[in-house]
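A.B. asks: Everything below, folded, please.
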Amino acid sequence: MSDTTLTAEAVEPQDNSNASEPAQQSFADLNVREDIVASLSEAGIIFPFPIQAMTLPVALGGNDIIGQAKTGTGKTLGFGIPALQRVIREGDQGYEDLAFPGAPQALIVAPTRELAIQVGADLAQASKHSNISITTIYGGRPYEEQIAALKAGTDVIVGTPGRLIDLNRQRVLNLKQVRTVVLDEADEMLDLGFLPDVERILAALPPVRQAMLFSATMPGAVITMARRYMSRPTHIRAQDPGDDESLTKRNIRQLVYRAHNMDKDEMVARLLQAEGRGKTIIFTQTKRSAAKLTDELVDRGFNAGSLHGDLGQGAREQALKAFRSGKVDILVATDVAARGIDVDDVTHVVNLQCPDDENTYLHRVGRTGRAGNTGTAVTFVDWDSVPRWSLINKALGLNVPEPVETYSSSPHFFTDLDIPKGTKGHLPRAKKANGAEGERSARNEDSPRTPRRRSNTRSRTRTVNGQRTEKRAAQGEGAEQEGSRHGHSKGKQDRPARENERHRQTQQAGAEGVGTAQAPAQARRRRPRRRTRSTDAGGQD
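C.D. replies: As a prediction, the model looks like this:
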């Protein structure tokens, strides 16, 4: 694979609403089609980020690209605009020559559902004034609605590998007309074991097409795949020369503490009351840990939601929607959320446990300090995870080889994070009742985690007229039993005549020896009722 390498300096993103700098190129200056420029302008996006400015001239010429950039640098439009612009729309020259009208002309493959949804939304915004249809395909949703969209015809497909392969096998997804293919977050696909699926998808595409691969890191397996399926790609890096992590270091304040596992919930609860704390993402290593911490924070009065693999797709999308809109300001998530959450106003990121490696750490921390904002990243390291943290620290040059031992009552913990003095781990009642998030907490303030009542069919022993009797507590029987306490003859009067007749027949059969195999069984089944009846009815039948 022969490639050309270009480097774009990862400067702080510009204010897209400011058009007063004549020296800065706009999207229109980069030969982006007018309808796409108008769609971006409507969203307040006028000037490209560095990765976009370097990518668009090469990509719009139809060349293959390997783009290397950290999350949050704007690479979605770097590959999305060329993919949209190369679509031949109805009425354009060459549309009549398409072999499969209505079949997709661009394919974008993403490793996670959340990232696919985000990319699809960004492309929908960029094509708002274009006659281009975009369909997002991913698992966890019914096949029927996705199959219907494909049969109706679509221009651009954004999807996850598994569902794309399923629909292609069913011959519902036609990939024979794809002119542009994009692999987003290729290193994450490698980590999740998707590379064989991705290669299967690439093998089903036409041999002549444009290919763009974007990734934060470039492991050997990703480079090997690029060599096999790309032709003379241009390698574009968005970074400061000689310092891969400078943007992270400059925009994000990173704090690392050695913490005890039994004290972490209290530390998190106090951290969430820090001055200036806005939207916060808390990362956990396991799904169970995410669910447990979410319940704990809700118990303490916080407005928290969870996002992990055990949730259905609808619940996952609802959690992200609530977080983006601000209805929920705390999101407790596994690494499924480390990619695909494009929220600019996240102020804090918390690693409840030490990440597995430096790449995972960067992807998590990269959820804050986006679009020129500043952020705070806090990592809790258990005693047995200190060696792992030492490797991460060395790889990233964070200068924190030995995290300081810290507890929820440590003075430096309050000082570092601007936590008001005297803050405890439960939200004060006054704060629960204030604001939009407080309304939700206030509704459940009296019993936020009220345990369910025990089964109402449980029997209780009572004494009536000096004799023991069993009383059912089931709903619907309470009034009847209450009446029997005050009027013991009422149980006999209200008993259906059919049941009384059946009981008399059973007694008679037992006395006469008729049906010896059946009568004793019937008698045994009726014994509890005879005891109850003799008590309630004064021993009369």
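A.B. asks: only C-alpha atoms for contact and neighbour calcs from this point on.
C.D. replies: Will do.
A.B. asks: Strand partners (parallel or antiparallel) of whichever strand or helix holds residue 253?
C.D. replies: Using DSSP states H and E, residue 253 sits within strand 252-258. Sheet pairing of strand 252-258 (DSSP bridges) gives strand 375-381 (parallel), strand 404-405 (parallel).
A.B. asks: can you give me the helices for the stretch 301-450 of the chain?
C.D. replies: Secondary structure of the stretch 301-450 of the chain, counting by DSSP state H, counting those that start in this stretch: helices at 313-325, 358-365, 386-396, 411-417, 429-432, 435-443.
A.B. asks: Can you spell out which helices and strands pack onto the fourth one?
C.D. replies: With contacts defined as 3 or more C-alpha pairs under 8 Å, 6 or more residues apart in numbering; DSSP states H and E, helix 411-417 has no helix or strand neighbours.
A.B. asks: list the contacts for residue 180?
C.D. replies: If you count contacts by C-alpha atoms under 8 Å, 6 or more residues apart in numbering, residue 180 has them with 83, 86, 105, 106, 107, 209, 210, 211, 212.
A.B. asks: And residue 421, by the same measure?
C.D. replies: Applying C-alpha under 8 Å, 6+ apart, the residues near residue 421 are residue 414.
A.B. asks: swap in residue 229?
C.D. replies: By C-alpha under 8 Å, 6+ apart, the residues touching residue 229 are 202, 211.
A.B. asks: and it, backbone torsions?
C.D. replies: In terms of degrees, to the nearest 10, the main-chain angles of residue 229 are phi -110, psi 0.
A.B. asks: and if you look at residue 214?
C.D. replies: phi -120, psi 140.
A.B. asks: quick one on the thing from earlier: present the contacts of residue 180 as CSV; the columns should include distance to residue 236, secondary structure and neighbour count.
C.D. replies: Conversion of the contacts of residue 180 to CSV gives the following (distance: C-alpha to C-alpha, whole Å; DSSP: H, G, I helix; E, B strand; the rest coil; neighbours: other C-alpha atoms under 10 Å):
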residue, distance to residue 236, secondary structure, neighbour count
83, 17, helix, 27
86, 20, coil, 17
105, 24, coil, 27
106, 21, strand, 26
107, 21, strand, 25
209, 19, coil, 18
210, 16, strand, 24
211, 14, strand, 26
212, 11, strand, 25
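A.B. asks: Of all pairs in the residues you listed, which one spans the longest distance?
C.D. replies: 105 and 212 (14.3 Å; C-alpha to C-alpha).
A.B. asks: what's the helix or strand harbouring residue 290 packed up against?
C.D. replies: Assigned by DSSP H and E, residue 290 belongs to helix 287-299. Judged by 3+ C-alpha pairs under 8 Å, 6+ apart, helix 287-299 is in contact with helix 264-271, strand 304-307, strand 330-333.
A.B. asks: Buried residues, the first one. List them.
C.D. replies: Of the residues in helix 264-271, those scored as buried under the neighbour-count criterion (16 or more other C-alpha atoms under 10 Å) are 264, 265, 266, 267, 268, 269, 270, 271.
A.B. asks: List just the nearest of these to residue 100.
C.D. replies: Using C-alpha to C-alpha, residue 268 comes nearest to residue 100 of the buried residues of helix 264-271, at 55.2 Å.
A.B. asks: Check the gap between the closest one and residue 167 for me.
C.D. replies: To residue 167, residue 268 is 43 Å away according to C-alpha to C-alpha, to the nearest Å.
A.B. asks: now swap in residue 218 and tell me
C.D. replies: Residue 218 is 29 Å from residue 167, by C-alpha to C-alpha.
A.B. asks: same check, this time on residue 382
C.D. replies: Residue 382 is 44 Å from residue 167, where distance means C-alpha to C-alpha.
A.B. asks: Excluding residues flanking it in the chain, which one is nearest the residue sitting nearest the centre point of the chain?
C.D. replies: Compute the mean C-alpha point of the chain, and by C-alpha atoms, centre = their mean the closest residue is residue 307, 4.0 Å away. Excluding the flanking residues, the one nearest residue 307 by C-alpha to C-alpha, 6 or more residues apart in numbering is residue 333, at 4.6 Å.
A.B. asks: count of neighbours near that neighbour?
C.D. replies: Taking other C-alpha atoms under 10 Å as the neighbour definition, residue 333 ends up with a count of 26.
A.B. asks: Pull the number of nearby residues for the residue lying closest to residue 134 once chain neighbours are set aside.
C.D. replies: Counting by C-alpha to C-alpha, 6+ apart, residue 134 lies nearest to residue 156, which is 4.8 Å off, once chain neighbours are set aside. Counted by other C-alpha under 10 Å, the residues lying close to residue 156 total 27.
A.B. asks: Then the one 3 residues further on?
C.D. replies: Neighbour count for residue 159, taken as other C-alpha under 10 Å: 26.
A.B. asks: do the same with residue 353
C.D. replies: 20.
A.B. asks: Now do stretch 299-312: distance to the chain's middle.
C.D. replies: Distance of stretch 299-312 from its chain centroid, counting by C-alpha atoms, centre = their mean, to the nearest Å, is 10 Å.
A.B. asks: now do stretch 187-199
C.D. replies: Remark: stretch 187-199 is offset 20 Å from the chain centroid, using C-alpha atoms, centre = their mean.
A.B. asks: Of all the residues in that stretch, which ones are buried?
C.D. replies: Within stretch 187-199, judged by 16+ other C-alpha under 10 Å, the buried ones are 187, 188, 189, 190, 194, 195, 197, 198.
A.B. asks: For the fourth one, pull up the helix or strand it's in.
C.D. replies: Just to be clear, that refers to residue 190. helix 186-191.
A.B. asks: what mean pLDDT does that helix have?
C.D. replies: The average pLDDT for helix 186-191 rounds to 84.
A.B. asks: Count the residues that sit near the closest residue to residue 301 other than its chain neighbours.
C.D. replies: Spatial nearest neighbour of residue 301, chain neighbours left out: residue 427 (5.3 Å); criterion: C-alpha to C-alpha, 6+ apart. Using other C-alpha under 10 Å, residue 427 has 19 neighbouring residues.
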